[in-house]
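Peer 1: The following block contains a protein sequence and its predicted model.
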Amino acid sequence: MAIGQYGQVAGVAARGVARRVRAVAVLLLALWVWLPAATARAEDGHDLWLRYRALPAAQADAGRAVAAALAAPDASPTQAATREELLRGLGGLFGGAPAMTARIDRDGVLVAGTPASSPVLAKLGLDLSALGDEGYLVRSLRIDGHAATVIAANSDIGVLYGAFHFLRLAQSGQSLSGLDVRETPKVKVRVLNHWDNLDRYVERGYAGQSIWDWHKLPGWLDPRYTDYARANASIGINGTVLNNVNTSAQMLTPQYLEKARALAGVLRPYGLKVYLSARFSAPIEIGGLQTADPLDPAVRRWWQAKADEIYRAIPDFGGFLVKANSEGQPGPQDYGRSHADGANMLAEALAPHGGIVMWRAFVYSHEEPDDRAKQAYSEFVPYDGRFAANVLVQVKNGAIDFQPREPFHPLFGAMPKTPLMMEFQITKEYLGFATHLAYLAPMYQEALQADTHARGPGSTVARVVDGSLEGHALTGMAGVANIGSDRNWSGSQFDQANWYAFGRLAWDPHADAAQIARDWTRMTFSTDPAVVTPIVDMMMGSREAVVDYMTPLGLHHLMGRGHHYGPAPWVEGGPRADWTSVYYHRADARGIGFDRSASGSNAVAQYAPAVAAQFGDIATVPEPFLLWFHHVPWDHRMASGRILWDELVHRYGRGVDYVASMRRTWAGLAGRIDAERHAEVAAFLAIQEQEAQWWRDASIAYFQTFSKRPLPKGEKLPPHPLAYYQSLQFPFAPGDGK
Ligand code: BDP
């Protein structure tokens, strides 16, 4: 009995244990199912805008109906990449990858290919003649009585671009029926410039180390290289300069060319060509020559042999980017030769292989000029028409150096016989490093939409860059990359948007910053309008806020010396005047600003007469450029009715307030955005608010020593004396060019 009892008890106990075991098993099973899903849902930004998370059910159903099956070849590496991307993307978005098919025997087949690669497209006979070698069309149509969608192009890479377009529509929750998209890039060379050194230090980089793990190349091909290529292809970027413009000649040694060759192999299927920054004195440093004189026959032979060697390793090598005779870099002027002599020598070496030279116009000579803003124009305009056909002159958007706001560079429109390519900075050297939320597309757009008046009204910078103004076929746009080894690639979630927007604007310099922000937000965060609208609003005002709290009304170059972190309008002395802040703001008892009008350096004369007249007159210059072009009395009456000093103080505060409002908006999005990214952005916005306040306080404390005026009513005094702000030191700030 006891036994029985025991047995019974034991039996009860055993059943209890079994129940518990079952419960634990169910729990474990649930965890097993749930955990990976939960982990997959946790987001750190690594997936960029190619997240492909499941769409809401109705959208997924509609999507599945349009792309139930996929007809796409995979005979070439690019075709395979395209097919893989479509399967990955549609599978993620629609909750299951489409079936593969070769026939149109039902509704809902997505066909991707070229007439050469796809029998279906060959039979269809679509007119693709205007698409060129990178364009594509995406169209809904009927084939053999069935509803179908085609992604068609003349080249495999065009199909890949089209596939990414289709995926963008799907991912951003747009309708996939009735499609009739036709796209061709308006700019030919769409490149990132990595300011990456061979020791993996990234000059002006705020996202960790270089993604190029040079030491392990060519043996180890980090999977990140493939994801990098995918991300770039998704926005139409078709080239990348692997190394810093301040480059070591080592890059051109066989050892490093072998590494570049390996990278080129990974990037090629995604349409990305590899380019290299070339050090002008390389013939001396690694070639054993006594000179790098571009007119010396031995030097020319050396570069030709080097080009031949590179093309043996990388048959589709893009060409060279060169920073010469600028900030201490060697160049043709060291031998009494011109920029054209230097560029043409390299162009001659590359031409037989189809390569190009991107020769930078960011130059300023050893002798201090009366105004650094005038240098590039003075050095380059005389050589218009003297550059070889495969040379692009690469011009920064403004004449000083990637400031939060600059008027467009006067070279645009001033060299009609030379193709000029745009250089934008994506990394935020002067706009708050990685932590400040500053969406740069409005800044890019402002530069691109500026009217040079070179050939009358409507001669926008965009039309110079896309070649339509002067009929140039060779065109380009470069973006100084903000990519590094950080998990989230760009140092912050929102800095990804600047990489994204650069690519979209390089593809189409006439594109709209707000539209790009909407696309990016939908793909990156959510398609829910309650998320999209506030985020896009935040983004669209964010760059203006940086201008306000750092350098309002046309002020510029007021950051910390060397590392460029934080406010330092008091910087003076040192090796050259045009590396100081006081050189640029020129504040004194009377007023503030750099007189570039006819009474000053007359830099305005470098613009077309209509522009020069507008900028040169204090009564007509747009207020955002007031202090860029004029030295203005503190009591000058502004459009707002305030005097200049009061307006300045007002703008500093307005910038800080905007950041505070972004923090509130972002806080309101809690719960609608995954916790991990939400927390990171929130923390960064808090840093931004502190730093914006610091910029405002330090700047006001300093400029008040000149204006000697009280702060307008309601404006708070800086909490510290000027000496405190001046005492702050940041010896380890990131990105300093050492
Ligand atoms: C400046 C950067 C410096 C770059 C230079 C350039 O501070 O690190 O080398 O531009 O563009 O903005 O060459």
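Peer 2: All right, it came through fine. Residues are numbered from 1 along each chain as shown.

Peer 1: Could you find the closest non-adjacent residue to residue 443?
Peer 2: residue 543 (5.1 Å; CB to CB, 6 or more residues apart in numbering). Bear in mind the C-beta positions are built from the backbone N, C-alpha and C, glycine included.

Peer 1: hang on, that neighbour in a helix?
Peer 2: Yes - according to DSSP: H, G, I helix; E, B strand; the rest coil, residue 543 belongs to a helix.

Peer 1: Just the buried positions in stretch 335-355, please.
Peer 2: Using 16 or more other CB atoms under 10 Å as the test for burial, stretch 335-355 gives 335, 337-351, 353, 355.

Peer 1: all helices of the stretch 251-400 of the chain, in order?
Peer 2: Here the stretch 251-400 of the chain has its helices, by DSSP state H, counting those that start in this stretch, at 254-267, 282-285, 297-313, 339-350, 375-380.

Peer 1: scratch that, the stretch 551-700 of the chain
Peer 2: Under DSSP H, counting those that start in this stretch, the stretch 551-700 of the chain gives helices at 582-585, 609-616, 626-629, 644-667, 675-707.

Peer 1: what angle separates the fourth one from helix 675-707?
Peer 2: For helix 644-667 against helix 675-707, the angle by axes from the mean of the first three to the mean of the last three CA atoms, to 10 degrees is 170 degrees.

Peer 1: Could you give the separation of helix 644-667 from the chain centroid?
Peer 2: Counting by CA atoms, centre = their mean, to the nearest Å, helix 644-667 is centred 25 Å from the centre of its parent chain.

Peer 1: The longest one now?
Peer 2: A distance of 23 Å separates the C-alpha centroid of helix 675-707 from that of its chain, computed with CA atoms, centre = their mean.

Peer 1: same deal with stretch 593-601?
Peer 2: 33 Å.

Peer 1: buried set for it?
Peer 2: 593-597, 600-601.

Peer 1: what do you get for stretch 304-319?
Peer 2: 304, 306-307, 310-311, 314, 317-319.

Peer 1: Off-centre distance for it?
Peer 2: 27 Å.

Peer 1: now swap in stretch 418-437 and tell me
Peer 2: 7 Å.

Peer 1: Any regions of the chain where pLDDT drops low?
Peer 2: Applying pLDDT under 70 to the chain flags residues 1-41, 366, 368, 738.

Peer 1: now residue 535: how far from residue 300?
Peer 2: Using CB to CB, to the nearest Å, residue 535 is found at 54 Å from residue 300.

Peer 1: When the two are compared, which one has more neighbours?
Peer 2: For residue 535 versus residue 300, the count of surrounding residues by other CB atoms under 10 Å is larger for residue 535: 27 against 17.

Peer 1: The more buried one falls within a helix, correct?
Peer 2: Yes - assessed with three-state DSSP, residue 535 lies in a helix.

Peer 1: okay, now the closest residue to it other than its chain neighbours: neighbour count?
Peer 2: Leaving aside its chain neighbours, residue 535 sits nearest to residue 521 (4.8 Å; criterion: CB to CB, 6+ apart). The local packing of residue 521 (other CB under 10 Å) involves 23 other residues.

Peer 1: so what's residue 521 up against?
Peer 2: 497, 531-532, 535-536, 539 (CB atoms under 8 Å, 6 or more residues apart in numbering).

Peer 1: I figured the residue nearest to residue 443 was touching residue 444, is that so?
Peer 2: No - the criterion here is CB atoms under 8 Å, and residue 543 misses it with residue 444 at 9.5 Å.

Peer 1: who has more neighbours, these two?
Peer 2: residue 444 (29 against 25).

Peer 1: residues touching the more buried one, list them.
Peer 2: Residue 444 neighbours (CB under 8 Å, 6+ apart): 397, 424, 501-502, 505, 513.

Peer 1: contacting residues around residue 607?
Peer 2: 410, 413, 452-453, 615.

Peer 1: Just put the helices of the stretch 251-400 of the chain in TSV and tack on distance to the ligand.
Peer 2: Listed next are the helices of the stretch 251-400 of the chain as TSV, based on distance: least, CB to the nearest ligand atom, whole Å:
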stretch	distance to the ligand
helix 254-267	20
helix 282-285	18
helix 297-313	22
helix 339-350	15
helix 375-380	12
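
Peer 1: To residue 481, which of the ones you listed lies closest?
Peer 2: helix 254-267 (13.6 Å; CB to CB).

Peer 1: Return the residues in contact with residue 369.
Peer 2: 375, 378, 578.

Peer 1: Wait, the last one touches residue 364, no?
Peer 2: Read it as residue 578. Yes - in this structure, residue 578 is within contact of residue 364 by CB under 8 Å, at 7.1 Å.

Peer 1: quick one, which of those two is more surrounded?
Peer 2: The neighbour count for residue 578 versus residue 364, taken as other CB under 10 Å, is higher for residue 364 (22 against 17).

Peer 1: Wait, the more buried one touches residue 329, no?
Peer 2: No - with contact defined as CB under 8 Å, residue 364 does not reach residue 329; the gap is 11.3 Å.

Peer 1: Can you tell me which residue is spatially central in this protein?
Peer 2: Nearest residue to the geometric centre of the chain (CA atoms, centre = their mean): residue 499, 3.3 Å.

Peer 1: From the chain's centroid, how far away is the stretch of helix or strand it belongs to?
Peer 2: Assigned by DSSP states H and E, residue 499 falls within helix 495-507. Computed by CA atoms, centre = their mean, the chain-centroid distance of helix 495-507 equals 5 Å.

Peer 1: Does it pack against any helices or strands, and if so which?
Peer 2: strand 189-193, helix 223-234, helix 441-449, strand 476-480, helix 513-524 (3 or more CB pairs under 8 Å, 6 or more residues apart in numbering; DSSP states H and E).

Peer 1: if you set the cut-off to 6 Å instead, what comes out?
Peer 2: Contact analysis of helix 495-507 by 3 or more CB pairs under 6 Å, 6 or more residues apart in numbering; DSSP states H and E lists helix 513-524 as its packing neighbours.

Peer 1: now the helix it packs on: how far from the chain's centre is it?
Peer 2: Distance, centroid of helix 513-524 to centroid of chain: 14 Å (CA atoms, centre = their mean).

Peer 1: okay, that helix in CSV with CA atoms only?
Peer 2: C-alpha atoms of helix 513-524 as CSV (Å, rounded to 0.1, in the frame of the first residue of the first chain):
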residue,chain,number,x,y,z
ALA,A,513,15.8,66.1,-50.8
ALA,A,514,12.4,65.7,-49.1
GLN,A,515,11.4,62.9,-51.4
ILE,A,516,14.7,61.1,-50.8
ALA,A,517,14.2,61.6,-47.0
ARG,A,518,10.8,60.0,-47.3
ASP,A,519,12.1,57.0,-49.2
TRP,A,520,15.0,56.5,-46.8
THR,A,521,12.8,56.8,-43.7
ARG,A,522,10.2,54.3,-45.0
MET,A,523,12.9,51.8,-45.7
THR,A,524,15.0,52.5,-42.6
